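> Test case, fold it:
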Amino acid sequence: MFCTLMCCSFGQAYSQSADEQLASQYYQNKQYDKAIVYYEKVFPKNPSSVNYHNYLDCLIQIKDYKTAEKVIKKEIKEQSDNAAFYADLGMLYKLEGEDKQARDAFEKAIHKLTPNVYEIVTLGKYFLDAKEYGYALETYKQGKSLVGDSYPFVAEVGAVYKAQGNTGAMIDSYLETLALSPSYIQYVQDALQLSVGNYVDENQNSIIKTELLKYIQRYPDKEIYSELLIWILIQVKDYPNALVQVKALDRRANERGTRLMGFAATCVNAGGYDPAIQAYQYIIDKGPKADNYEEAKTQQLTVMYQKLTEGGVYSQDELLNLENKFKETLNELGKTTGSISLMQQLAHLQGFYLHHDSDAIALMNEAVEMPGISVQTQARCRMELADLLLASGQTWEASLLYGKVENDFTQEPIGDEAKFENATIYYYTGNFKWAQAQLNILRAATDKLIANDAMALSLIVSDNTQDSAMQPALLLFAHVQLLDFQNYEDSVSMLLDSVYNISGTTTLKEAVLLMRANVAEKKGDYQKALEFYSGELNTYPDGMLPDKALYLSAKLEDTKLHDEKKAAELYKQLILKYPGSFYVEQTRDRYRQLVKDDAPPVN
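Model prediction:
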């Protein structure tokens, strides 16, 4: 098919005449000979880009090359510096078999280019689409000479080599660009982006890594190649080899662990706990006087805690070893305002996993009373202390602490959170009327998560207290939820079946299914969790919680199973099926990250 450039400068557009409408209609219907009759009338009056393209294409389709040549040459006479028309003329000559004249026209098109990036890219893409790869490369070579360092044409040159199937040359063009200036790194990363994640090309990535290692040896003083290799390895989640490169660059550039701290944080965000722990250990091994030592010790413990508690499978010995490591670190660094986060994590580990209630409560009391602590941090410590008291069975002591935080922060999210936790205490103890009154107030909370949770629990309460015969099932479910809060998952698993069997409402049955999924996730049985989420979606598609089940299953695929394609599909289903869901806003952002530019937008 004949290609024409659409970047030409034509006369101002105006409302379509009847002749123009007929011309367009015949063209769309591929009745080219009839369309030509009208384009011969309208084109001189309105030489717009659309009319030019359609008229020229009609002439080509009926093989009236002489008239087509006249049309193009007329435009060249009027706009002699416009490269677009010379390219069209060259393509016409090529169709006629006039190869020498075609070459002359193509070369003239390139020669006519000005220092305009859009014009250069458009002409290059024209040649690329026409499979004239040599002229496309010549266009970008000329473009570089015209615009200098202001635009490198990295992605465009790479696209030409990719279309040729010349992966080596494509990669080499990217890497040579970096030799000219490291400032082009973002252009190169953008150009390589589609070879990772959902769009992984293992062969291409292997070539990239091989070529990068060559460039690192060829240019040992240019750190940009090591940085790009690290970026590639992180993109493909090859954290162990990335860590090797990060360590090497840290030593070579004498960065004192700064890059390792950033690398560890990246690994944690992607669920790569082991390489993060190793990166922190590298810094710790440098000794207490090294930069980032205390931060590395603190962050390493946090990651170890996350790995153990989020993994769902752990032994008593592992819990005790982690507890001892926390204690050793706190003894070394001291219990100060700077180590509050460690104290909170240790207390949570002791209270909810080891069930060392008195030790956990004593530690959090220390944190609450620590001199110099900010009021916000103190409030967060009070919330943790209240959680520990509730977990240990000291229900009303916990309620008093939640109440204090609520009263001290009436206009802030943490105040709403405290109010919600207090409402759940009344719910756990069977005072459903009082609990629902508080939950109904929280449905208007400024914190969307609290408002959503309050609404969901309020609906369960209202739906299961309409008749006194329903309340035994709700009482048992509330007790099971308290056990779940206290982390007694074995007891929870045994009792959930009983709740499901005696429940007379779908709202409670839905809640039981989601709790079963949550318990399975906590135990690391992700496939079982997905089955429960699927059960909610299939059994109660019009119920109260299918959108939450869809969101949680997508999140599980995304963050635990690391199947980005499945996660993206589930996120997409949520957006399309439940557009009014609370979860859509955060879902849409993650969906866009996963699909990049490969899929049409989902609204």
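
> Which elements pack onto the one helix or strand in the chain whose mean pLDDT sits lowest?
When each helix and strand of the chain is scored by mean pLDDT, DSSP states H and E, helix 185-192 comes last, with a mean of 83. Helices and strands touching helix 185-192, by 3 or more CB pairs under 8 Å, 6 or more residues apart in numbering; DSSP states H and E, are helix 154-164, helix 167-180, helix 223-235. In short, each C-beta sits where N, CA and C put it, glycine included.

> Residues in contact with that helix: which ones?
Outside of helix 185-192, the residues within contact range by CB atoms under 8 Å, 6 or more residues apart in numbering are 152, 154-155, 158, 174-175, 177-178, 208, 224, 227-228, 231-232.

> can you dump the C-alpha coordinates of that helix into PDB?
Taking C-alpha atoms only, helix 185-192 is exported to PDB below (Å, rounded to 0.1, in the frame of the first residue of the first chain):
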ATOM      1  CA  ILE A 185      20.000   7.000  30.200                       C
ATOM      2  CA  GLN A 186      16.300   7.700  30.400                       C
ATOM      3  CA  TYR A 187      15.900   7.500  26.600                       C
ATOM      4  CA  VAL A 188      17.700   4.100  26.600                       C
ATOM      5  CA  GLN A 189      15.700   2.700  29.500                       C
ATOM      6  CA  ASP A 190      12.400   3.800  27.800                       C
ATOM      7  CA  ALA A 191      13.500   2.100  24.600                       C
ATOM      8  CA  LEU A 192      14.300  -1.100  26.500                       C
END
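
> after that helix, next one along is what?
helix 202-218 (DSSP states H and E).

> what mean pLDDT would you report for stretch 100-113?
Averaged over stretch 100-113, pLDDT sits at 95.

> ok, now stretch 271-289?
The model assigns stretch 271-289 a mean pLDDT of 94.

> what do you get for stretch 454-470?
Stretch 454-470 comes out at a mean pLDDT of 92.

> ok so, going back, next, the angle helix 223-235 makes with the least confident helix or strand of the chain.
40 degrees (axes from the mean of the first three to the mean of the last three CA atoms, to 10 degrees).

> Show me how far helix 185-192 is from its chain's centre.
Remark: helix 185-192 is offset 18 Å from the chain centroid, using CA atoms, centre = their mean, to the nearest Å.

> If you count neighbours, what's buried in it?
For helix 185-192, burial by neighbour count (16 or more other CB atoms under 10 Å) applies to 185, 187-189, 191-192.

> Name the nearest of those residues relative to residue 98.
residue 191 (35.9 Å; CB to CB).

> Tell me where the stretch 251-400 of the chain has helices.
258-269, 273-284, 293-311, 316-333, 340-348, 357-368, 375-391, 395-408 (DSSP state H, counting those that start in this stretch).

> could I get those helices as a markdown table with mean neighbour count?
Formatted as a markdown table, the helices of the stretch 251-400 of the chain follow (neighbours: other CB atoms under 10 Å):
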| stretch | mean neighbour count |
| --- | --- |
| helix 258-269 | 19 |
| helix 273-284 | 21 |
| helix 293-311 | 19 |
| helix 316-333 | 14 |
| helix 340-348 | 21 |
| helix 357-368 | 19 |
| helix 375-391 | 20 |
| helix 395-408 | 17 |
